[in-house]
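> Below are the sequence and a predicted model; questions follow.
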Amino acid sequence: MGILFGHGGHRSGPSHLGLICSENHEGIVPSTLRLLPDLQSVSWTQVPISNLRALDLDATFRLNHGDDLPIASSNRVINGQHRPPLEEEATRIADSWKGPHSCEERYCVWSNTGFSGQGMSIVTTMANHQRVERLPKVTARLEGASSHFLLAAVPGKGLGLIATRKIRRGERIMAVQPAILVHLKFIEESELEDQYRLLELAVNKLPTARKDSFMAQAGDLGGHRISDVIFTNSFQMSLGEEDGFHLGNFPEVSRFNHDCRPNVAFYIDNNLTHHTHAVRDIHPGEELSISYLDSFQARSVRQERARASWGFSCSCSQCSLSKTEADASDARLFSIYQIENEISDFSNQEASPALVERLISLYREERLEFRIAGAYTIAALKYNLFGKAKLAKKYAELAVEAGIIENGPDAADVRAMRELADDPKGHWSWNQKPRR
């Protein structure tokens, strides 16, 4: 859902949702894939994380399916009608939209101090405000989500999220909703003075804790503080209509540092919820990371993009390889590009099962676990085309598992791979290998 939107504009390439710009605090990008020493031997400076909040999807509801938790009802009857308890009534009043507080042309500010239990402000059109207003209500959340990570000052690297226990592949890190949502065309069409006025109003309408967490984010551009935070730490996202593209700012997510081979994948669902999950087992003391860039690009391209868009030189483990190792890595990435083009053409008679296995091997060798669902999907379809039901089922199941982590359980490819895994021989692709 969305494409990378940086200072330099849009990017093309694989549909990997990306940050606008998230150089983390103090302008330092750490090497995040290395395992840090035992927690007891590290002198961490823990930062208060009272503003880090995450939804417990298992204990509340599946946001992707849009299922609201039932609201407890009261047996009290007043004037012949059931009345909710006072605390429920207070929650209902708090969790309501107010505004428009002020407008500039067709763009206005609305706020909801109870949205997802934290509050949100939006700068958008009336039609998009109504779409947000119809979203399912988040009725419960965890405070801090500090049971498996902490926000710490890492020596020489600024702030980062550090695992406090083993986090297994597929485990949820956090699921959060935005503090601020800003229509993209408002930024493009409005004068700077009007932008600043409405953005300041939107932030000032947030509850104090939410406002503080927003303002605690780092900026990269300088100038107007709120605009700087938004452009440095936001994601492009869509409300599903032609005029629905927005920038969403998630203060909690800005704490993830960048790595070209991250251990965390993310996606944003149709209810504006930003989900992060571990893509491999993460050990205590290891830093949690996401990728801001297109990690399928060569090292020189990634580093130039980091400098041009975020003003830093990436020093992650992949970018710190020797020239010989980096050249070999770039060659593998180019091979991935070539093989995917070749075997994605299902009329290609030369695309053998061996080529499929080579593709999967390259993904694993390059540690691209955070974007491997597409490769598994191609493999499943290709094996089914060759009439190999067992292997098709194997890779379809892997595609479902990885796809849920990368894109969510309702993603189109996830649904398609579930169907193939359930009945390979009944799938349209069964034994359709092109004949010479």
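Looks like it came in fine.
> packing partners for the top helix by length along the chain?
The longest helix of the chain (DSSP state H) is helix 323-343. Here helix 323-343 touches helix 299-310, helix 353-365, helix 373-385, going by 3 or more C-beta pairs under 8 Å, 6 or more residues apart in numbering; DSSP states H and E. Every residue, glycine included, has its C-beta placed from N, CA and C.
> Helix 323-343 and the last one, what's the angle between them?
Going back to what we said before, that points to helix 373-385. Going by axes from the mean of the first three to the mean of the last three C-alpha atoms, to 10 degrees, helix 373-385 is angled at 40 degrees with respect to helix 323-343.
> what's the least confident helix or strand in the chain, going by average pLDDT?
Ranked by mean pLDDT, DSSP states H and E, the weakest helix or strand in the chain is strand 9-10, scoring a mean of 26.
> circling back: between the helices and strands packed on helix 323-343, which gets nearest to H283?
Nearest of the helices and strands packed on helix 323-343 to H283, taken as C-beta to C-beta: helix 353-365 at 19.0 Å.
> where in the protein is pLDDT low?
1-95, 137-146, 155-157, 349-350, 434-436 (pLDDT under 70).
> switch the cut-off to 50
1-93, 139-144 (pLDDT under 50).
> the domain parsing of it - what is it?
5-63+96-290, 323-426 (automatic domain parsing).
> Out of those, which gets nearest to V301?
The nearest among the domains of the chain, by C-beta to C-beta, is domain 323-426 at 9.1 Å.
> rewinding a little: just the C-alpha atoms of the longest helix of the chain, please, in CSV.
C-alpha atoms of helix 323-343 as CSV (Å, rounded to 0.1, in the frame of the first residue of the first chain):
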residue,chain,number,x,y,z
LYS,A,323,34.6,-4.3,-2.0
THR,A,324,35.0,-7.9,-3.1
GLU,A,325,32.1,-9.0,-0.9
ALA,A,326,30.0,-6.1,-1.9
ASP,A,327,30.6,-6.8,-5.6
ALA,A,328,29.6,-10.4,-5.1
SER,A,329,26.4,-9.3,-3.2
ASP,A,330,25.5,-6.9,-6.1
ALA,A,331,26.0,-9.7,-8.6
ARG,A,332,23.6,-11.9,-6.6
LEU,A,333,21.0,-9.1,-6.5
PHE,A,334,21.3,-8.7,-10.3
SER,A,335,20.9,-12.4,-10.7
ILE,A,336,17.7,-12.2,-8.6
TYR,A,337,16.4,-9.5,-11.0
GLN,A,338,17.3,-11.6,-14.0
ILE,A,339,15.8,-14.9,-12.7
GLU,A,340,12.6,-13.3,-11.6
ASN,A,341,12.1,-11.7,-15.0
GLU,A,342,12.7,-15.0,-16.6
ILE,A,343,10.5,-17.3,-14.5
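> Any buried residues in it, and which?
A326, S329, D330, R332, L333, I336, I339, E340, I343 (16 or more other C-beta atoms under 10 Å).
> distance of the first one from C316?
As defined by C-beta to C-beta, to the nearest Å, A326 lies at a distance of 12 Å from C316.
> before we move on, what about the fifth one?
As defined by C-beta to C-beta, L333 lies at a distance of 15 Å from C316.
> One more: the third one?
Using C-beta to C-beta, D330 is found at 15 Å from C316.
> now do the last one
From I343 across to C316, the span is 29 Å (C-beta to C-beta).
> Same question for the second one.
Relative to C316, S329 is positioned 12 Å away (criterion: C-beta to C-beta).
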